[in-house]
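Student: Build the 3D model from these lines:
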Amino acid sequence: MKLLVTGGAGFIGSAVVRQAVRDGHEVVNVDALTYAACLDNLTPVSNSPRYTFEQADIRDRTALDRIFENQRPDAVMHLAAESHVDRSIDGPGTFVETNIVGTYNMLESARRYWTDAGRPAEFRFHHISTDEVFGSLPSDPSVLFTEHTPYDPRSPYSASKAASDHLVRAWGETYGLPVVLSNCSNNYGPYHFPEKLIPVIILNALAGKPLPVYGNGANIRDWLYVEDHAEALLLVVSKGQVGRSYNIGGANERTNLDIVKTICKILDAERPKTSGSYAEQITFVADRPGHDARYAIDSSRIRVELGWRPRISVEEGLRRTVRWYLENDQWWRPLLARTGVGERLGIKA
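Tutor: Residues are numbered from 1 along each chain as shown. Now for the predicted structure:
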């Protein structure tokens with residue numbers, strides 16, 4: 001299968017590209033190379049004859065039409081998005097332009113290509129979204145997000161993703177475009193851009209900086225190892241039912257504070273300080289606006305219909321992630337310097 005993957009130089013997108021090429025698929029990576037993208041994420045597959053890179057912005061409809069016409073994919077995996085909640089609070093306009101208008105452009109370019117090709121039944125447009133569109137859950141562990149949970153976004157980021165989900169469903173209903181959707185829980189793992197919780201904690205710890213935890217750290221997330229997610233997404237695009245949505249979660253609920261303390265314990269074992277524990281650097285900071293209390297996903301549908309289940313526990317996944325960052329400073333140091341994130345975090349690149 002020939003896949004057109006948007007955002008393939010990003011964190012989740014690059015995991016999808018790497019896995020797809022390993023599985024024998026042809027992959028066309030469409031990425032604008034904004035601040036969070038990094039082509040070094042694709043070094044393991046960049047020389048493969050099955051991999052092609054197209055630098056283009058999903059807000060550029062002309063470029064998208066050209067890529068569809070020239071590359072002629074069998075399926076689209078649409079991951080390109082602005083995804084950092086804090087950035088959406090500070091500058092929501094970019095999230096509206098990329099996540100909503102960009103998705104509209106992708107849908108229209110795909111529809112034009114699909115129509116001109118005779119509306120092939122095997123074509124798929126797979127839209128990858130987030131569990132944040134569902135809002136916040138109560139603390140009751142029996143209550144989980146399902147595919148039928150009403151949308152209740154609480155931040156500009158989640159609102160923009162909710163809007164894009166609605167557009168995709170509308171294009172499926174109105175125009176018959178063969179769409180599938182998926183909503184995932186919090187991803188983590190290698191190549192994670194260092195502005196999200198887990199890489200920030202790892203790098204701040206190594207730099208001797210405070211380990212910032214919002215509020216009292218009690219917010220709960222369901223943590224999904226990125227390589228497990230990539231495998232799930234490739235199943236959805238190849239075997240998912242048209243018009244269906246699939247929730248993908250790790251079944252690994254932990255509070256943010258639990259995650260930070262676990263990282264500290266791993267670092268204490270893998271790279272001990274001269275004295276004391278990394279946990280001594282934990283610092284509680286003012287909570288961010290609209291901070292959802294809990295996310296947790298019921299993945300029953302994808303387990304039953306497609307036979308997928310996560311393989312990596314959060315403890316094992318965090319151990320793998322910490323070790324990857326310890327062994328790959330040649331990846332994150334240049335990235336911190338190039339993007340200015342190192343200076344913002346006070347970390348020497």
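Student: secondary structure element for residue 93?
Tutor: Element membership of residue 93 [criterion: DSSP states H and E] is helix 92-95.
Student: How far does that helix sit from its chain's centre?
Tutor: The chain centroid and the centroid of helix 92-95 are separated by 17 Å, computed with Cα atoms, centre = their mean, to the nearest Å.
Student: And the contacts of it?
Tutor: 82, 87-88, 156-157, 160 (Cβ atoms under 8 Å, 6 or more residues apart in numbering). Bear in mind the C-beta positions are built from the backbone N, C-alpha and C, glycine included.
Student: Could you rerun that using 10 Å?
Tutor: 34, 59, 81-85, 87-89, 102, 155-161, 163 (Cβ atoms under 10 Å, 6 or more residues apart in numbering).
Student: Next SSE downstream of it?
Tutor: Assigned by DSSP H and E, the successor of helix 92-95 is helix 102-116.
Student: And the helix or strand that that next one is followed by, what does it pack against?
Tutor: Proceeding N to C from helix 102-116, the next assigned helix or strand is strand 124-130, under DSSP H and E. In terms of contacts (3 or more Cβ pairs under 10 Å, 6 or more residues apart in numbering; DSSP states H and E), strand 124-130 is packed against strand 2-6, helix 11-22, strand 75-78, helix 102-116, helix 156-175, strand 179-184, helix 226-239, strand 245-248.
Student: same thing but 8 Å
Tutor: For strand 124-130, the elements it packs on are strand 75-78, helix 102-116, helix 156-175, strand 179-184, helix 226-239, judged by 3 or more Cβ pairs under 8 Å, 6 or more residues apart in numbering; DSSP states H and E.
Student: Contact partners for residue 197?
Tutor: Contacts for residue 197 (Cβ under 8 Å, 6+ apart) come out as 256, 259-260.
Student: Could you work out the end-to-end span of stretch 80-100 for me?
Tutor: End-to-end distance of stretch 80-100 (Cα to Cα, to the nearest Å): 11 Å.
Student: follow-up on the earlier one: quick one: buried ones out of the contacts of helix 92-95?
Tutor: 59, 81-83, 85, 87-88, 102, 155-161, 163 (16 or more other Cβ atoms under 10 Å).
Student: circling back to that earlier point, neighbour count added to the contacts of residue 197, as TSV?
Tutor: Converted to TSV, the contacts of residue 197 look like this (neighbours: other Cβ atoms under 10 Å):
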residue	neighbour count
256	21
259	22
260	23
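Student: Need the residues you listed in a markdown table (columns: pLDDT).
Tutor: Listed next are those as a markdown table, based on pLDDT from 0 to 100:
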| residue | pLDDT |
| --- | --- |
| 256 | 97 |
| 259 | 98 |
| 260 | 98 |
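Student: Could you let me know which of the residues you listed ends up closest to residue 10?
Tutor: Among the contacts of residue 197, residue 259 lies closest to residue 10 (Cβ to Cβ), at 21.3 Å.
Student: can you list the weak-confidence ranges in the stretch 201-349 of the chain?
Tutor: For the stretch 201-349 of the chain, applying pLDDT under 70 flags the ranges 342, 344-349.
Student: can you give me phi and psi for the closest residue to residue 180 other than its chain neighbours?
Tutor: Excluding the flanking residues, the one nearest residue 180 by Cβ to Cβ, 6 or more residues apart in numbering is residue 240, at 4.1 Å. Per-residue torsions, residue 240: phi -70, psi 150 (degrees, to the nearest 10).
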